[in-house]
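J.: pasting the sequence and the predicted coordinates here, then a few questions.
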Amino acid sequence: MTEARTPAQKTARRRKVQAVLAGGLVLGLGAAVTMANWNDSEFAEGLFGSASFNLEGSTDGEAYTDHDAVDEAAQLTFAADNMTPGQTVYAPFWVRLDADTTIDGSVEASDGIGVVASSGENAAHLSYEVLADPDSCDAAGAASGTSVASGADLSEGIGSTTSFDLSAGDGDAGTPVLLCFEVQASQDDFLQDDTTEVTWEVTATSVDNP
């Protein structure tokens with residue numbers, strides 16, 4: 001048999017139920033606040049292709065190839081088998097950017113042309129000058145070129161004095177630049193019965209695209 005509740009007991013029970021319901025409402029509000037916010041993203045991708053840059057040379061202005069190591073150096077043709085004191089000899093060498101090159105370049109004044117190897121006693125008694133784009137590479141035409149490098153002797157070292165530009169050919173080889181190598185024997189100290197060998201390096205540097 002259920003015991004009858006007094007009015008005071010009924011009022012206390014109702015307050016407890018209301019308190020539980022109120023607590024449930026508080027919990028419900030808390031759950032709504034912790035829901036994740038919506039988000040959305042955009043993605044962007046970039047592709048970066050490198051340029052091609054290659055210098056090639058020719059001793060006759062027609063047949064070009066790479067000479068990219070000291071032991072693969074192009075053989076310049078000087079009339080220098082029987083030199084005498086004070087004599088000057090000349091040899092042409094053409095340089096250009098090859099057909100695969102996609103960016104312009106330059107031969108810099110600071111480090112573009114220099115002697116990288118030499119031998120023979122007369123290396124100290126032979127001076128040189130390199131002239132760009134002369135009318136011809138001989139006694140008659142060399143002086144019309146622009147002096148881009150020189151050295152008081154054929155010892156190793158950079159001889160560049162003036163920069164010059166090289167243009168890419170947009171699918172074709174670039175416009176060649178004639179370099180005339182002028183070598184002069186000392187009037188006073190040039191030695192007999194000596195063979196001197198020298199190797200120059202021509203270094204082109206790529207130019208940044210705009």
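T.: Received, thanks. Numbers count the residues shown, from 1 in each chain.
J.: stretch 77-89: which residues count as buried?
T.: By 16 or more other C-beta atoms under 10 Å, the buried positions in stretch 77-89 come out as 80, 83, 88-89. (C-beta placed from N, C-alpha, C; glycine too.)
J.: for this protein, what spans make up the helices?
T.: Here the chain has its helices, by DSSP state H, at 7-33.
J.: how about low-confidence regions in it?
T.: For the chain, the stretches with pLDDT under 70 are 1-35, 210.
J.: sorry, back to before: which of the buried residues of stretch 77-89 sits closest to residue 150?
T.: Taking C-beta to C-beta as the measure, residue 150 lies nearest residue 88 of the buried residues of stretch 77-89, at 13.1 Å.
J.: contacting residues for the residue lying closest to the closest one once chain neighbours are set aside?
T.: Leaving aside its sequence neighbours, residue 88 sits nearest to residue 184 (C-beta to C-beta, 6 or more residues apart in numbering; 4.4 Å). By C-beta atoms under 8 Å, 6 or more residues apart in numbering, the contact set of residue 184 is 86-89, 126-128.
J.: at 7 Å instead, please
T.: 88, 126-127 (C-beta atoms under 7 Å, 6 or more residues apart in numbering).
J.: just give me the closest of these to residue 109.
T.: The closest of those, once distances to residue 109 are taken by C-beta to C-beta, is residue 127, at 18.9 Å.
J.: and for that closest one, the neighbour number?
T.: Using other C-beta atoms under 10 Å, residue 127 has 17 neighbouring residues.
J.: quick check: bridge partners of it?
T.: Under DSSP bridges, the beta-bridge partners of residue 127 are residue 184.
J.: I'd assumed residue 152 was in contact with it.
T.: Yes - contact criterion C-beta atoms under 7 Å: residue 127 and residue 152 qualify, at 5.4 Å.
J.: can you list residues touching both of these two?
T.: Counting by C-beta under 7 Å, 6+ apart, residue 127 and residue 152 have no common neighbour.
J.: and stretch 109-126, C-alpha only, in PDB?
T.: Extracted C-alpha coordinates of stretch 109-126, given in PDB (Å, rounded to 0.1, in the frame of the first residue of the first chain):
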ATOM      1  CA  ALA A 109      84.100  41.800 -67.700                       C
ATOM      2  CA  SER A 110      85.000  40.400 -64.200                       C
ATOM      3  CA  ASP A 111      85.400  36.700 -65.100                       C
ATOM      4  CA  GLY A 112      84.400  36.100 -68.700                       C
ATOM      5  CA  ILE A 113      87.700  35.300 -70.400                       C
ATOM      6  CA  GLY A 114      91.000  34.100 -68.900                       C
ATOM      7  CA  VAL A 115      94.000  31.800 -69.100                       C
ATOM      8  CA  VAL A 116      93.400  28.500 -67.300                       C
ATOM      9  CA  ALA A 117      96.600  26.600 -68.300                       C
ATOM     10  CA  SER A 118      99.900  27.400 -69.900                       C
ATOM     11  CA  SER A 119     103.300  25.800 -70.300                       C
ATOM     12  CA  GLY A 120     106.700  26.700 -71.800                       C
ATOM     13  CA  GLU A 121     109.300  29.300 -70.900                       C
ATOM     14  CA  ASN A 122     108.000  31.900 -73.300                       C
ATOM     15  CA  ALA A 123     104.600  31.900 -71.500                       C
ATOM     16  CA  ALA A 124     106.100  34.800 -69.500                       C
ATOM     17  CA  HIS A 125     107.200  36.600 -72.700                       C
ATOM     18  CA  LEU A 126     104.000  36.500 -74.700                       C
END
